[in-house]
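1. any chance you could fold what I've pasted below:
(chains A and B)
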Amino acid sequence: MERCFKIFRFDPENGSVPLYREYRIDVQPDWRILDCIHEIKWKLDGTLSFRRSCAHGVCGSDAMMINGKNRLACRTLVRDLKKRGVIRIDPLKGFPVIKDLIVDSDAFFERNEAVKPWFVNNDRPPEKERLQSPEERDRIDEPTKCILCGSCTSACPTYWYDKAYLGPAALLKAHRFIFDSRDQAGEERLEILNDLTGPYKCHTIFNCVETCPKEINVTGAIAELKMEILRSRLRKKSKSGR
Amino acid sequence: MISAGRFFEERLQQMSAQRYQWHVGSFAWVLHRITGLLLSLYLVIHIWVVRTIGQGPEGFDRVMATVQTPLFLFFEVGLLGTVLYHALNGVRLLLIDTGWGVRHQKGLFFVLAGLAVVVLLIGVVPILNLLGRQFPG
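-> Prediction:
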């Protein structure tokens, strides 16, 4: 069946203005959107640019706005979208566009680095491994599934208008390490988060939860961070005896 | 600090990008913002009305006569709805921040919005009675 794709095109190097270009191609209902834009690029218009690496929902390179919602092109089938009308594809909102569907994600990864997204434990490692109980592992089960595709941060209205906000992805990453039973830099990270750029900036709009291709409860993780900052403050207060 | 050209470019790109899909959470948030702004406006009007107490009983009576016209009673119904939504959604937001409400945010929205409608309907009765007393028959 023939479907029409309306794709955002922008090439700043040629001094062009952003515009939408329409492509009509024959597709099957079980084609992924990635297959469709491959078909367009390979057979109709070689100048169309987009990112993709693994093409199987693991690397998170091909997150884009498909019919007004951020999705992974490799995990969205034609039949998952509405049956009629054009399929609109835009680059991730809120990120500067480099060309067509490729966005500049430097700022996104800088925010991620700001929360120290690495394991910190200064104790000498035991002979085999740092053990964790199944319950302790469950605590961070959801955040470990994050593939850093950027769908959540790009869907967040708070991030659209305040680029200083760390954004859902970075906060989720902070959650993953703060609640890791083996990690020792939790308090340090909570200090970084206890700021106007941290979880208190979240307006609980739930766009991140709606869009997450890994179905992570991001807003829930942010809510837990808010409570943890409070608890950390109380712990410090009771320790200093005031 | 980004340059004016870069700023314009980014805005242009944002404008040309398609509007993001709506769902319960974003709808509840926008409605919360709008009702919040309306309540701020109401606060100004309220202070203006109360201020007339300083002008003695006559001035106050004059203003009270104005705010009891059908138009203002109609606004009053709107005010009740605005307060109800803003207050009850505020409860929803508190429950979300405690962590419990996160998984039930959609259900919570519909339950509390339903409750707001029920209380609004109950509240409309005395307002309509007042209107009936002013314009009998």
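
2. and the strands in the chain?
-> Reading this off chain A. Along chain A, counting by DSSP state E, strands occupy A:2-9, A:19-26, A:63-66, A:69-72, A:87-90, A:97-99, A:102-103.

3. hmm, no, I was thinking of chain B.
-> Under DSSP E, chain B gives no strands.

4. for chain A, what is the nearest residue in it?
-> residue B:25 (2.9 Å; CB to the nearest CB). From N, CA and C alone the C-beta is placed, and that goes for glycine too.

5. that residue: neighbour count?
-> 21 (other CB atoms under 10 Å in any protein chain shown).

6. could I get the strands of chain A as JSON lines with distance to residue A:78, mean neighbour count and mean pLDDT?
-> Output for the strands of chain A, formatted as JSON lines (distance: least, CB to CB, whole Å; neighbours: other CB atoms under 10 Å in any protein chain shown; pLDDT from 0 to 100):
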{"stretch": "strand A:2-9", "distance to residue A:78": "7", "mean neighbour count": "18", "mean pLDDT": "94"}
{"stretch": "strand A:19-26", "distance to residue A:78": "11", "mean neighbour count": "14", "mean pLDDT": "94"}
{"stretch": "strand A:63-66", "distance to residue A:78": "10", "mean neighbour count": "27", "mean pLDDT": "96"}
{"stretch": "strand A:69-72", "distance to residue A:78": "12", "mean neighbour count": "23", "mean pLDDT": "96"}
{"stretch": "strand A:87-90", "distance to residue A:78": "8", "mean neighbour count": "22", "mean pLDDT": "94"}
{"stretch": "strand A:97-99", "distance to residue A:78": "25", "mean neighbour count": "20", "mean pLDDT": "91"}
{"stretch": "strand A:102-103", "distance to residue A:78": "23", "mean neighbour count": "20", "mean pLDDT": "94"}
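
7. just put those strands in a markdown table and tack on distance to chain B.
-> Formatted as a markdown table, the strands of chain A follow (distance: least, CB to the nearest CB, whole Å):
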| stretch | distance to chain B |
| --- | --- |
| strand A:2-9 | 7 |
| strand A:19-26 | 8 |
| strand A:63-66 | 6 |
| strand A:69-72 | 4 |
| strand A:87-90 | 5 |
| strand A:97-99 | 5 |
| strand A:102-103 | 10 |
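
8. got JSON lines for the ones you listed, with distance to residue A:121 too?
-> Shown next, in JSON lines, are the strands of chain A (distance: least, CB to CB, whole Å):
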{"stretch": "strand A:2-9", "distance to residue A:121": "45"}
{"stretch": "strand A:19-26", "distance to residue A:121": "50"}
{"stretch": "strand A:63-66", "distance to residue A:121": "32"}
{"stretch": "strand A:69-72", "distance to residue A:121": "33"}
{"stretch": "strand A:87-90", "distance to residue A:121": "42"}
{"stretch": "strand A:97-99", "distance to residue A:121": "38"}
{"stretch": "strand A:102-103", "distance to residue A:121": "35"}
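
9. so the residue of chain B closest to chain A makes contact with residue B:105?
-> Yes: taking CB atoms under 8 Å as the definition, residue B:25 is a contact partner of residue B:105 at 6.2 Å.

10. what is in contact with the two at once?
-> A:204, A:206 (CB atoms under 8 Å, 6 or more residues apart in numbering or on different chains).

11. can you mark which positions in the longest helix along chain A are buried?
-> Longest helix in chain A by number of residues (criterion: DSSP state H): helix A:218-240. Neighbour-count burial for helix A:218-240 flags A:218-226, A:228-229, A:232 (criterion: 16 or more other CB atoms under 10 Å in any protein chain shown).

12. now render those as JSON lines, adding distance to chain B and pLDDT.
-> Output for the buried residues of helix A:218-240, formatted as JSON lines (distance: CB to the nearest CB, whole Å; pLDDT from 0 to 100):
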{"residue": "A:218", "distance to chain B": "10", "pLDDT": "96"}
{"residue": "A:219", "distance to chain B": "6", "pLDDT": "95"}
{"residue": "A:220", "distance to chain B": "4", "pLDDT": "94"}
{"residue": "A:221", "distance to chain B": "9", "pLDDT": "95"}
{"residue": "A:222", "distance to chain B": "9", "pLDDT": "95"}
{"residue": "A:223", "distance to chain B": "5", "pLDDT": "94"}
{"residue": "A:224", "distance to chain B": "6", "pLDDT": "94"}
{"residue": "A:225", "distance to chain B": "10", "pLDDT": "95"}
{"residue": "A:226", "distance to chain B": "6", "pLDDT": "93"}
{"residue": "A:228", "distance to chain B": "10", "pLDDT": "94"}
{"residue": "A:229", "distance to chain B": "12", "pLDDT": "95"}
{"residue": "A:232", "distance to chain B": "16", "pLDDT": "93"}
